[in-house]
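K.L.:
3D, please:
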Amino acid sequence: MNLPLSRLNLGDFTVSWLRGGTFSIDGGAMFGAVPKVLWSEKIDADNDNAILLDNNVMLVQTGKNNIIIDTGLGNKLTEKQQTIFKVSSPWLLPDDLETLGLATKDIDTVILTHCDFDHAGGAVMLDDNGHEVPTFPNAKYVVQKDEWQDVHNTTKRSANTYWPVNFAALSENQVTVIEGAYEITSGINVLQTGGHTRGHQIVEIKSQGSTAVHLGDLLPTTHHRNPLWVMAFDNYPLDAIEEKERLIRFYSDQNAWFLFYHDIDCNACRLSADYQVTDVL
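P.N.:
Numbers count the residues shown, from 1 in each chain. Down below sits the predicted model:
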């Protein structure tokens, strides 16, 4: 259930959500140590205990730059993978760009918050001839050094989510490997947080006194706003708790919009200092 295309005006910038595919994943894994009796009050699970998640790619337009944040599931999933992950809505990112008067070649920057398949699956696509090609041929792909190292040195755990097929078609000069805080362009910065993965990064967007932040998989849905509600997928859960608590307080003080990638009901919201949802987009 991808949400209809939505747009947030943020000063001189706009943020649009594009359809990156919808899938279902184990609810227990998404909420870690939180008992089902609690999380099931927030979101429905099917007979297999799976919950529905969107993968809504964000397009940030500054007037000079067209920036993509994460890339959705892509169009390379096999039939078996589509069945395993219960893909219920396809990856329509190119179509949605066309609706906005853009093409994939018009994107100049792709920010990967991290490289799990559901975030990096659309970095490379199958073209009309079935060949793997960079989805955004003129873009630089920005990824943290720690993350990129882990992509190329997978463990038994990370091999299940860092898939070579999502990166093999990218040339070396397309990938910008950074360390820590980095300015994408004036008003848009990334900050390394760790927590979910070692090289996980977030995106801060500021324009004309307005602020938005995408906390990636530290805050995948509004239901994860309690700092203690972390995922079993988080490789460093104590770091995730600490960072989420710090960042929500920091950005709540700025009346910032929190942007969501996985939430099926909410693209963005504001949060109070005690983690309550206020404005909703």
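K.L.:
quick check: residue 266 is in a strand.
P.N.:
No: using DSSP: H, G, I helix; E, B strand; the rest coil, the assignment for residue 266 is coil, not a strand.
K.L.:
next, give phi and psi for residue 243.
P.N.:
phi -70, psi -40 (degrees, to the nearest 10).
K.L.:
residue 165 is in contact with residue 78, isn't it?
P.N.:
No: Residue 165 is beyond contact range of residue 78, at 9.9 Å (criterion: Cβ atoms under 8 Å). To be clear about C-beta, it is placed using only N, CA and C from the backbone, and glycine gets the same treatment.
K.L.:
so which of those two has more stuff around it?
P.N.:
Ranked by neighbour count (other Cβ atoms under 10 Å), residue 165 and residue 78 place residue 165 first, with 16 against 9.
K.L.:
OK, contacts around the more buried one?
P.N.:
When contacts are counted by Cβ atoms under 8 Å, 6 or more residues apart in numbering, residue 165 touches 76, 124, 132.
K.L.:
Three-state assignment for it, please.
P.N.:
helix.
K.L.:
which of the contacts of residue 165 sits closest to residue 55?
P.N.:
For those, the residue nearest residue 55 by Cβ to Cβ is residue 76; the value is 13.8 Å.
K.L.:
gap between the closest one and residue 262?
P.N.:
Counting by Cβ to Cβ, to the nearest Å, the separation of residue 76 from residue 262 is 20 Å.
K.L.:
more crowded one of these two?
P.N.:
residue 262 (25 against 17).
K.L.:
any idea how far residue 186 is from that one?
P.N.:
29 Å.
K.L.:
please apply the same query to residue 276.
P.N.:
Distance from residue 276 to residue 186, by Cβ to Cβ: 32 Å.
K.L.:
how about residue 217?
P.N.:
Distance from residue 217 to residue 186, by Cβ to Cβ: 27 Å.
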